[in-house]
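*Asks:* no letters, just coordinates:
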């Protein structure tokens, strides 16, 4: 079903048109490889879900996340989350500059504790599920995301403070 999900919304002429824009044999080889890959994925589905991540409770980061969330949630609710500003490039930054900063964030994330990453992903997933018509998640889910992110930052700082504290990649995108 997943593989056929776009068939109903895609004009049947699209594949031929897209193929006309590139080297035809290359496109056919890529598509053949994709179909083989799709078949392998279809035959090797994940059959069991892993257990939810262990999340600390009552720790100092959780208490601080609650205080931050309580103080900032009214502000969060005032933001126009449906604005198109979030779809626009950062002013004065090129795509390569932005991608370089994002790459550094991904590399940093890859070195974080797997359980903490899983907990943060689960918190974000739950928060996305509680977003209201104005684009705002629930207060409890906002707090859970803040706590999960705080634990990730604390873990990363504990292991590699030099890297996270001295590399100016976020500042290269957004001035302080």
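*Replies:* That came in fine, so what should we check first? Note that the structure is predicted; figures quoted are calculated from it, not measured.

*Asks:* okay, domains of this structure per the record?
*Replies:* 2-43, 60-173 (automatic domain parsing).

*Asks:* of all the ones you listed, which one is nearest residue 49?
*Replies:* domain 60-173 (11.3 Å; CB to CB). C-beta here means a position set from N, CA and C on the backbone, and glycine is covered the same way.

*Asks:* tell me how far that closest one lies from the chain's centre.
*Replies:* Here the centre of domain 60-173 is set off from its chain's centre by 9 Å, with CA atoms, centre = their mean, to the nearest Å.

*Asks:* per-residue confidence averaged over that domain?
*Replies:* Domain 60-173 shows a mean pLDDT of 85.

*Asks:* who are the packing partners of the host helix or strand of residue 30?
*Replies:* Element membership for residue 30 (DSSP states H and E) is helix 24-43. Judged by 3 or more CB pairs under 8 Å, 6 or more residues apart in numbering; DSSP states H and E, the packing partners of helix 24-43 are helix 14-20.

*Asks:* packing partners of the helix it packs on?
*Replies:* When contacts are defined as 3+ CB pairs under 8 Å, 6+ apart, helix 14-20 packs onto helix 24-43.

*Asks:* now the element after the helix it packs on, going C-ward?
*Replies:* Next helix or strand after helix 24-43 toward the C-terminus (DSSP H and E): helix 60-78.

*Asks:* got the buried residues for that following helix?
*Replies:* 61-62, 65-66, 69, 73 (16 or more other CB atoms under 10 Å).

*Asks:* residue 141 against residue 123, yeah?
*Replies:* Yes. Using CB atoms under 8 Å, residue 141 is in contact with residue 123, at 7.1 Å.

*Asks:* higher neighbour count, these two?
*Replies:* residue 123 (23 against 20; other CB atoms under 10 Å).
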